[in-house]
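Undergrad: Model the following, please.
(chains A and B)
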Amino acid sequence: DAGVTQSPTHLIKTRGQQVTLRCSPISGHKSVSWYQQVLGQGPQFIFQYYEKEERGRGNFPDRFSARQFPNYSSELNVNALLLGDSALYLCASSLVAAGKGEQYFGPGTRLTVT
Amino acid sequence: KNEVEQSPQNLTAQEGEFITINCSYSVGISALHWLQQHPGGGIVSLFMLSSGKKKHGRLIATINIQEKHSSLHITASHPRDSAVYICAVAYSGGGADGLTFGKGTHLIIQP
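TA: Residues are numbered from 1 along each chain as shown, chains lettered A, B, ... in the order given. So this is what the prediction gives:
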């Protein structure tokens, strides 16, 4: 079975631009969580979606938004990019709501904002 | 707010040594995860614990709920174990906030 996939792998954007990151969970998984990992730090929780509804949101500004589609894939959108948004963005899927079950991580999307 | 503290931050050991990485947290949790991250970013889930002890190959994870502490042990360490090991917890009461992560322990095993 395919694992969690994310696209694109790498991305370079300019300050002020908008970016969309994509995640496909493992087949049968209904929960998708998004995390931001700045170099040298542990990941920080951004969003959790379960059964296409937002179930949790971390301490991130409204420039960050996400959604989950009927096939349980998900997109993370970031508007008005800042240099500080440069990070590895990780998606994780699980069978049940995040925190209650084992999470499977994708390879991440490395975003560089110049 | 729950904070997750890991120690040590960095650890260099010789091949074959017994390795212990510690994780402590401050409030009630529903589960604790140990994760492994290799250079390049990919994260692999090693264990999910809510009580007691789990073993997988040379890896052992324990958790003490009363003391709010968990340890990850690696027996007969090997250079391929070199990676960042991250502890993450899920709050009690729904898990809607996802996981809260420690900063990680950077482990280097020298041959």
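Undergrad: Get me the contact residues on chain A for chain B.
TA: A:33, A:35, A:37, A:41-45, A:47-48, A:55-56, A:58, A:88, A:90, A:92, A:97-105, A:107-108, A:110 (Cβ under 8 Å from any Cβ of the partner chain). All C-beta spots, glycine's among them, are computed from the backbone N, C-alpha and C.
Undergrad: and the closest residue in space to B:S92 that isn't next to it in sequence, how many residues sit next to it?
TA: The shortest distance from B:S92 to any non-neighbouring residue, by Cβ to Cβ, 6 or more residues apart in numbering or on different chains, is to B:G28 (4.1 Å). Per other Cβ atoms under 10 Å in any protein chain shown, the neighbour tally for B:G28 reads 12.
Undergrad: now the one 5 residues further on
TA: For B:H33, the number of neighbouring residues by other Cβ under 10 Å comes to 24.
Undergrad: wait, isn't it in contact with B:V44?
TA: No. Counting by Cβ atoms under 8 Å, B:H33 sits too far from B:V44 to count as a contact (10.9 Å).
Undergrad: The worst-scoring helix or strand of chain B on mean pLDDT vs chain A: in contact?
TA: Every helix and strand of chain B was ranked by mean pLDDT, DSSP states H and E. The lowest is strand B:99-101, at a mean of 89. Yes. Residues of strand B:99-101 are located near chain A by Cβ under 8 Å from any Cβ, namely B:L99, B:T100, B:F101.
Undergrad: who in chain B is up against chain A?
TA: B:4, B:30-31, B:33, B:35, B:40-45, B:48, B:86, B:88, B:90-91, B:94-104.
Undergrad: Flag the shaky bits of chain A, pLDDT-wise.
TA: A:1, A:98-99 (pLDDT under 70).
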